[in-house]
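**Student:** pasted the sequence and its predicted model underneath.
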Amino acid sequence: MQTAKGIELRGKPVAGGKFPLICTPLVGHTREQILSEVGVVLLKKPDVLEWRVDYFEGITSTSDVISVASAIKALAGSVPLLFTRRSIREGGQKIALSEEQVIALYQAVCQSRQIDLIDFEMSNDPAHIVQVREAAKTNDIKLILSFHNFAFTPNPETLSQRFLQAEQLGADVAKVAVMPRNLEDVLTLLTATLSASQKQRIPLISMSMGPYGALTRLFGWTFGSALTFAVGASSSAPGQVPIEDLNTVLAILQKSIEGTK
């Protein structure tokens, strides 16, 4: 059934080509909390770790950020690390950095090569997107360009444009996350994902958030989403389900789908 594109790192599919990948967030405020989270989460065998650095109280110190990233990588071994600063306007935490300082942090973290993927929002300044893209490309790090709407689900045309925009801006992966107000909105997101996955050359990540959106985290992969987020220790967005529950549902769905072939 799988026709969508999987995520690769350095020419090899992540987790041996598993589809979808399961990513768990790290949202600790201190180095100790973050590394404790890593220990808890790794026992649950995620395919990718996401460090939400906007939760980290030491974010103003580039050396501290790189040190923690290095410590996460040392513990994670072969599990890839996604580095994300989520802005307030797209659901992130308030931080004491200007946008120019965020770009400098991103560049330094890319240069450290202690991460494997990096997330940056398409709503950012176009010049900043270029800077982050070049830092990622130079250091062989995959760039996820993302769009989040925590208020509602845009129309299908807008969603399709966001997926396409990410590819046009040079992303390695396009990500769209929106808030549904009803089940029709969930169908809108899934339909847009399926259409984009059939047309675009890069892998896609998509999800609806909140209670209705939990459905997309469970079976969005059947519409082309290459990665889904699950709770390992703590949630980073509304609607994330525990990784144990997600694995159970994925196993059931995949077995059923394979049985129809």
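**Tutor:** Happy to help now that I have it.
**Student:** which residues does stretch 73-84 contact?
**Tutor:** 9, 14, 23, 35, 38-39, 42, 46-54, 69, 72, 106, 109, 114-119, 144 (C-beta atoms under 8 Å, 6 or more residues apart in numbering). For the C-beta atoms, the positions are set from N, CA and C on the backbone; glycine is no exception.
**Student:** out of the residues you listed, which are buried?
**Tutor:** 9, 14, 23, 35, 38, 42, 46-54, 69, 72, 106, 109, 114-119, 144 (16 or more other C-beta atoms under 10 Å).
**Student:** in strands, which of those appear?
**Tutor:** Judged by DSSP state E, those include 9, 23, 48-52, 117-119, 144 as members of strands.
**Student:** taking those, tell me the two that lie furthest apart.
**Tutor:** Taking C-beta to C-beta as the measure, those span a maximum distance of 19.9 Å, between Leu9 and Arg52.
**Student:** next secondary structure after the lowest-mean-pLDDT helix or strand in the chain?
**Tutor:** The weakest-scoring helix or strand in the chain, judged by mean pLDDT, DSSP states H and E, is strand 241-242 (a mean of 82). Following strand 241-242 in sequence order, the next helix or strand is helix 243-259 (DSSP states H and E).
**Student:** who are the packing partners of that next one?
**Tutor:** strand 21-26, helix 210-219, strand 227-231 (3 or more C-beta pairs under 8 Å, 6 or more residues apart in numbering; DSSP states H and E).
**Student:** end-to-end on stretch 113-120?
**Tutor:** End-to-end span of stretch 113-120 (C-alpha to C-alpha, to the nearest Å): 17 Å.
**Student:** and for stretch 199-216?
**Tutor:** Using C-alpha to C-alpha, the end-to-end distance of stretch 199-216 comes out at 20 Å.
**Student:** how far is that stretch from where the chain is centred?
**Tutor:** Offset of stretch 199-216 from its chain centre (C-alpha atoms, centre = their mean, to the nearest Å): 10 Å.
**Student:** ok, now stretch 176-192?
**Tutor:** Per C-alpha atoms, centre = their mean, the centroid offset for stretch 176-192 relative to its chain is 18 Å.
**Student:** okay, buried residues for it please.
**Tutor:** 176-180, 185-190, 192.
**Student:** from those residues, which two are the most distant?
**Tutor:** Pairwise distances across the buried residues of stretch 176-192 peak at 16.0 Å for Ala177 and Leu187 (criterion: C-beta to C-beta).
**Student:** Leu218 contacts Asn247, correct?
**Tutor:** No. Counting by C-beta atoms under 8 Å, Leu218 stays clear of Asn247, with 10.7 Å between them.
**Student:** and those two? Which one has more around it.
**Tutor:** Leu218 (19 against 15; other C-beta atoms under 10 Å).
**Student:** quick one: contacts for Tyr55?
**Tutor:** Tyr55 makes contacts with 27-29, 93, as judged by C-beta under 8 Å, 6+ apart.
**Student:** not counting residues beside it along the chain, what's closest to it?
**Tutor:** Excluding its sequence neighbours, the residue lying closest to Tyr55 (C-beta to C-beta, 6 or more residues apart in numbering) is Val27, at 4.5 Å.
**Student:** residues contacting the helix or strand containing Glu32, please?
**Tutor:** Assigned by DSSP H and E, Glu32 belongs to helix 31-42. If you take C-beta under 8 Å, 6+ apart as the criterion, helix 31-42 is touched by 24, 26-28, 49, 51, 56, 58, 64, 67-68, 71-72, 75-76, 79, 232-234, 243.
**Student:** right, I'll leave it there.
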